[in-house]
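Q: kindly return the folded structure for what I paste below:
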Amino acid sequence: MVVTSEVVEVEDVIGGVEARRIILKKLLDGPKSGVELRHALAVAFNRPITEISDAMLYFNLQALENAGLIRRNRGRDNWKAKFAEIVPEKIQLVRKYFGISVPIVCVGGLDDPEHVRGMRRVLKNDNNLVPSKYIFVISSNFKRKIAGVPEDVVFEEFEEHVLEEDFEEVYRKIRAIIEKEVATHEVILDLTCGSRVCVLSLFKIAWEFGLRCFYVQRLGENEKRVIWIKS
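A: Numbers count the residues shown, from 1 in each chain. Here you go, the predicted structure:
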């Protein structure tokens, strides 16, 4: 595998230890218990599970946790069991390391009804990108201005005064959306439309999560292009 500057952080943490590579790849499927990770190691090394010691598992999980790539929490249904998971901000980085592609979700603000169709068209034409879903952050009173909504478009409604003035609340809610979506999708962020608070929140999240973000530049009456701010 060719290690690029984007994924050198992961390679440094793994440090040539195959067990850490196996654990990280398994965790891309979602949170896993210690038993599940021991089984994954046993299968990968073609050894009985009894030969995968608690010390071996703990040492490698601790290394990944100390490096900030994973976190461990008690299970909701079984508080005695600990589950490991990749921290949301690092999921896309780990996917890049393994060269894994997943469906794309596009998240952005919206204050122009025409942007829904225009952005979809220019993304496909300029970049051959066809997200499986589009999530737009809108004010509650703006939704009635939108007609003919495609099936793959979802709206997240905010009170207008919150969307215009409350950065902490808008950031918190959008971040929760991103954390949910990034577990199973590559998230790209559209900074073209929306309130200033919404755009700033999206931009901050783009850097925290290592996500691609763009805006659509209007060149003429019927001509647009995608400008990637972070690619």
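Q: and the residue most central in space within the chain, how close does it get to residue 190?
A: When CA atoms, centre = their mean is applied to the chain, the residue found nearest the centroid is residue 182 (2.8 Å). Using CB to CB, to the nearest Å, one obtains 15 Å as the distance from residue 182 to residue 190. C-beta coordinates here come from the backbone N, C-alpha and C atoms, glycine included.
Q: and for residue 26?
A: In terms of CB to CB, residue 26 sits 32 Å off from residue 190.
Q: higher neighbour count, these two?
A: residue 190 (26 against 18; other CB atoms under 10 Å).
Q: domain-wise, how is this structure divided?
A: Domain assignment for the chain, taken from automatic domain parsing, gives 8-98, 104-230.
Q: need those domains in CSV (columns: mean pLDDT).
A: Conversion of those to CSV gives the following (pLDDT from 0 to 100):
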stretch, mean pLDDT
domain 8-98, 91
domain 104-230, 92
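Q: which stretch of helix or strand covers the nearest residue to residue 182 once chain neighbours are set aside?
A: Among residues not flanking residue 182 along the chain, residue 91 sits closest, at 5.2 Å (CB to CB, 6 or more residues apart in numbering). If you go by DSSP states H and E, residue 91 is part of helix 88-98.
Q: would you map the helices across this protein?
A: 8-14, 18-27, 34-45, 54-66, 88-98, 115-127, 160-165, 167-182, 196-209 (DSSP state H).
Q: relative to residue 219, which of these is closest?
A: helix 115-127 (10.3 Å; CB to CB).
Q: output the contacting helices and strands for the closest one.
A: Using 3 or more CB pairs under 8 Å, 6 or more residues apart in numbering; DSSP states H and E, the elements in contact with helix 115-127 are strand 104-109, strand 133-139, strand 212-218, strand 224-230.
Q: if we go to 6 Å?
A: Here helix 115-127 touches strand 224-230, going by 3 or more CB pairs under 6 Å, 6 or more residues apart in numbering; DSSP states H and E.
Q: mind listing the strands the strand it packs on pairs with, and their directions?
A: Looking at strand 224-230 with DSSP bridges, its partner strands are strand 212-218 (antiparallel).
Q: so how far is the strand it pairs with from its chain's centroid?
A: Distance of strand 212-218 from its chain centroid, counting by CA atoms, centre = their mean, to the nearest Å, is 18 Å.
Q: what residues does that strand touch?
A: 119, 122, 188-189, 191-192, 206, 224-231 (CB atoms under 6 Å, 6 or more residues apart in numbering).
Q: change it to 7 Å
A: 118-119, 122, 188-192, 202-203, 206, 224-231 (CB atoms under 7 Å, 6 or more residues apart in numbering).
Q: weed out the non-buried ones from those residues.
A: Buried residues within these, counting neighbours by 16 or more other CB atoms under 10 Å: 118, 119, 122, 188, 189, 190, 191, 192, 202, 206, 224, 226.
Q: for the last one, which residues are in contact?
A: The neighbourhood of residue 226, defined by CB under 7 Å, 6+ apart, consists of 122, 123, 126, 127, 214, 216.
Q: that one pairs with what?
A: residue 216.
Q: one step back: against residue 213, how distant is the residue nearest to the centre of the chain?
A: Residue 182 sits 13 Å away from residue 213, taking CB to CB as the criterion.
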